[in-house]
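**Q** structural data only, the sequence is not supplied:
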């Protein structure tokens, strides 16, 4: 499961409702939630955040907060 998938599950988000509100297909949401090789686009993340009434920055931090620079000096 992806970071987005874990976040949506933790918040008990209905993906069918997110799909309806955002226009992102259910199959795309399933890919974004379950397939780590699927790339999440910024516009998708923003629409998902709006659909679940959460600050996009919070969702971004949850989904991408584990990333770090290679050469931190």
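**A** Good, I have the coordinates. Just so it is clear, the model here is predicted, and its values are computed rather than measured.
**Q** which parts of stretch 11-26 are buried?
**A** 13, 15, 18, 19, 22, 24 (16 or more other C-beta atoms under 10 Å). Any C-beta I mention is one placed from the backbone N, CA and C, and that applies to glycine too.
**Q** now do it, average pLDDT.
**A** For stretch 11-26, mean pLDDT is 96.
**Q** which among the buried residues of stretch 11-26 gets closest to residue 47?
**A** Using C-beta to C-beta, residue 22 comes nearest to residue 47 of those, at 4.1 Å.
**Q** could I get the contacting residues of the closest residue to that closest one other than its chain neighbours?
**A** Counting by C-beta to C-beta, 6 or more residues apart in numbering, residue 22 lies nearest to residue 47, which is 4.1 Å off, once chain neighbours are set aside. When contacts are counted by C-beta atoms under 8 Å, 6 or more residues apart in numbering, residue 47 touches 22, 23, 24.
**Q** fine by me, we can end here.
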